[in-house]
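**Q** missing the sequence, but the structure's below:
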């Protein structure tokens, strides 16, 4: 019975594809993730299932790590599906959206319960490819361009992951993750895994797709993109690169440096956005940078790795729930306008993201600080900058939601109630499942961030100025602009940083991926030159 329930956790969304042409297709969405949620709550930890007859043979397991990811991911898929069914009932392309939603959901849930590399890869590829259909739901040039760029990056990342699996298979007796703890992992496989999952985590130089995809996708799709799907990259690192493995130590310091660059990139570019959805996108880049740096710390100190990984899981689940709730809240903001109660709930979620005392964010950060202190590493400056940057980004987010008031179209309804349920879960579920501590730390960084916000607000009243604007995609836009200048189509002095200038380009996904790969190569050469990577 336990094995059947674990198998249904990911297969039910695939079975529901047969009903996408039904007149009741919208009701399928909230039901897709229900078996996964039940499996996470009812199936005992340690349950394994072997499906040798399916594809090349699928191996499933529910360990403690998978149980945590399954509970939070299934909860987000369930409520995002419910929200989509309530707000997109009149959409003529609802059947198409449901099809891609179910495929992405099945892939995400499959990789969470995967016990071997092939099963994980199948789920990861299915999730990544189906997500392109979710992004491209609306009919516009801007949306199609964002989906194409996302799809190009996704294909490159999946090919890197597939190549890494082939390299690992050469020196292992089996492809189960349990074999990787003591195995000698080739450097090329490590590089491919960092690169492939780094695209999903939007590491610096591999991030261009994210600030374009999040604003283009419908609210329900953006919620799962920013929650369960981006968290799949973190799980992938934990499965394929267990920090207790001694062969990973040499890669620790470069990963910390890349994470620090990601934090800076997310904060600085996020503050220069004009769309609240783009601010949240760059906020995710900053958070993934912090997670990357913490994962590097776990690699550097194998003895302290279990504590750091436990804190990392708590922080990732906190981000999954809160960021997904913020994107659904923006869906409500666009649908019913900037109602006072809606702005208030968005503000509470922002406070949780900042990590105010006694919130889930504060508890997750407390665990991370304690684990890193035990390891003997000094992350004070990095954690402080991340905390201050989060305050600034959330202040910018609230400012933009208040500036751009969408016209109210409807009153509080069932969709609003579904979002409020998710917001409550985002605040309470990390405490209920992971027993986070009630922490009052971090007040210094929060006070510093609020002081900067206050100084800036007062200065704007006396001196008229505006923040510089950086279009979503940043360096991708600048590369396109340089190409147009080189071709003689425009002059530098006529160049405007318009977010819509990017989508008018005919740049293909292959060119986009080439630019990102070159930037990644330059970063690696730089780290090699300064001695952070052994030659």
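**A** Yep, it's here. Everything numeric in this text was worked out from a predicted model, so none of it was measured. Numbering: from 1, shown residues only.
**Q** what pLDDT, on average, does the helix or strand encompassing residue 126 get?
**A** Secondary-structure assignment from DSSP states H and E places residue 126 in helix 117-135. For helix 117-135, mean pLDDT is 93.
**Q** likewise stretch 395-415?
**A** Model confidence over stretch 395-415, given as mean pLDDT, is 77.
**Q** again with stretch 75-91
**A** Averaged across stretch 75-91, pLDDT comes to 89.
**Q** Tell me how many other residues surround residue 111.
**A** Around residue 111 there are 26 other residues, counting by other C-beta atoms under 10 Å. The way it works is simple: take the backbone N, C-alpha and C, and place the C-beta from them, glycine included.
**Q** other SSEs contacting the longest helix belonging to the chain?
**A** Using DSSP state H, we find that the single longest helix of the chain is helix 305-336. Applying 3 or more C-beta pairs under 8 Å, 6 or more residues apart in numbering; DSSP states H and E, we find helix 305-336 packed against helix 64-87, helix 219-224, helix 230-240, helix 276-300, helix 340-354, helix 360-375, helix 380-403, helix 414-434.
**Q** again, only this time at 6 Å
**A** Other elements packing on helix 305-336 under the criterion 3 or more C-beta pairs under 6 Å, 6 or more residues apart in numbering; DSSP states H and E are helix 64-87, helix 219-224, helix 230-240, helix 276-300, helix 340-354, helix 360-375, helix 414-434.
**Q** most centrally placed residue in this protein?
**A** Ranked by distance to the mean C-alpha position of the chain (C-alpha atoms, centre = their mean), the top residue is residue 230 at 2.8 Å.
**Q** For residue 198, see how far away that residue is.
**A** Plainly put, residue 230 is 12 Å away from residue 198 if you go by C-beta to C-beta, to the nearest Å.
**Q** out of the helices and strands packed on helix 305-336, deepest packed?
**A** Of all the helices and strands packed on helix 305-336, helix 219-224 carries the top mean neighbour count, a mean of 28, counting by mean count of other C-beta atoms under 10 Å.
**Q** Quick one: list the elements packing against that one.
**A** Using 3+ C-beta pairs under 6 Å, 6+ apart as the contact test, the elements touching helix 219-224 are helix 64-87, helix 305-336.
**Q** Poorly predicted segments of the protein, please.
**A** By pLDDT under 70, the low-scoring segments of the chain are 55-56, 404-410, 460-470, 473-535.
**Q** if we can go back for a sec, can you redo the helices and strands packed on helix 219-224 as TSV with distance to residue 356?
**A** Supplementary listing: the helices and strands packed on helix 219-224 in TSV, determined by distance: least, C-beta to C-beta, whole Å:
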stretch	distance to residue 356
helix 64-87	21
helix 305-336	12
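**Q** excluding its backbone neighbours, what's nearest residue 182?
**A** Among residues not flanking residue 182 along the chain, residue 245 sits closest, at 7.2 Å (C-beta to C-beta, 6 or more residues apart in numbering).
**Q** Please report how far that neighbour lies from residue 326.
**A** Applying C-beta to C-beta, the value for residue 245 to residue 326 is 35 Å.
**Q** next one: residue 356
**A** From residue 356 over to residue 326 the distance is 15 Å, taken as C-beta to C-beta.
**Q** higher neighbour count, these two?
**A** residue 326 (28 against 17).
**Q** Identify the residues contacting the more buried one.
**A** Listed by C-beta atoms under 6 Å, 6 or more residues apart in numbering, the contact set of residue 326 reads 280, 349.
**Q** what does residue 434 give?
**A** residue 314.
**Q** returning to that earlier point: tell me which of the helices and strands packed on helix 219-224 approaches residue 93 most closely.
**A** helix 64-87 (12.0 Å; C-beta to C-beta).
**Q** Can you tell me what sits against the helix or strand just after that closest one?
**A** Tracing the chain C-terminally past helix 64-87 and defining elements by DSSP H and E, one meets helix 94-112 next. Outside helix 94-112, the residues within contact range by C-beta under 6 Å, 6+ apart are 9-10, 13-14, 16-17, 20, 25, 32, 36, 66, 69-70, 77, 88, 120, 123-124, 126-127, 130-131, 133-134, 137, 228, 232.
**Q** Select only the buried ones of those in ChimeraX?
**A** Typed into ChimeraX, the next command selects the buried ones out of the contacts of helix 94-112 (criterion: 16 or more other C-beta atoms under 10 Å):
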select :9,10,13,14,16,20,25,32,36,66,69,70,77,88,120,123,124,126,127,130,131,133,134,137,228,232
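**Q** Report the contact partners of the closest residue to residue 309 other than its chain neighbours.
**A** For residue 309, ignoring the flanking residues on the chain, the nearest one in space by C-beta to C-beta, 6+ apart is residue 298 at 5.7 Å. By C-beta under 6 Å, 6+ apart, the residues touching residue 298 are 243, 305, 308, 309.
**Q** that older thread, ok now the helix holding residue 126, how far from the chain's centre?
**A** Mean C-alpha position of helix 117-135 versus that of the full chain (C-alpha atoms, centre = their mean, to the nearest Å) differs by 14 Å.
**Q** Which strands or helices does that helix pack on?
**A** Judged by 3+ C-beta pairs under 6 Å, 6+ apart, helix 117-135 is in contact with helix 94-112, helix 141-170.
**Q** dump the residue contacts of residue 116.
**A** Residue 116 touches 59, 175, 176, counting by C-beta under 6 Å, 6+ apart.
**Q** Bridged to it, which residues?
**A** According to DSSP bridges, the residues that bridge with residue 116 are residue 176.
**Q** mind checking how far it is from residue 72?
**A** Separation of residue 116 from residue 72 (C-beta to C-beta) stands at 23 Å.
**Q** Tell me how far stretch 302-320 lies from the chain's centre.
**A** Computed by C-alpha atoms, centre = their mean, the chain-centroid distance of stretch 302-320 equals 16 Å.
**Q** Name the surrounding residues that touch it.
**A** Under the contact criterion C-beta under 6 Å, 6+ apart, stretch 302-320 has outside partners 68, 72, 227, 231, 234, 243-244, 287, 294, 297-298, 360-361, 364, 367-368, 371, 374-375, 430, 434.
**Q** same deal with stretch 354-364?
**A** Contact partners of stretch 354-364, identified using C-beta under 6 Å, 6+ apart, comprise 314-315, 318, 352-353, 365, 390-391, 394, 430, 436-440, 442.
**Q** Filter those residues down to the buried ones.
**A** Of the members of those, the ones counted as buried by neighbours, 16+ other C-beta under 10 Å, are 314-315, 318, 352-353, 365, 390-391, 394, 430, 436, 439, 442.
**Q** Quickly name whichever of the residues you listed is closest to residue 217.
**A** When those are compared for distance to residue 217 (C-beta to C-beta), residue 353 wins out at 19.8 Å.
**Q** which residues sit in contact with the closest one?
**A** Residue 353 makes contact with 322, 361, 394, according to C-beta under 6 Å, 6+ apart.
**Q** just to revisit the earlier point, just tell me which of the helices and strands packed on helix 305-336 ends up closest to residue 452.
**A** For the helices and strands packed on helix 305-336, proximity to residue 452 was assessed by C-beta to C-beta; helix 340-354 is nearest, at 13.0 Å.
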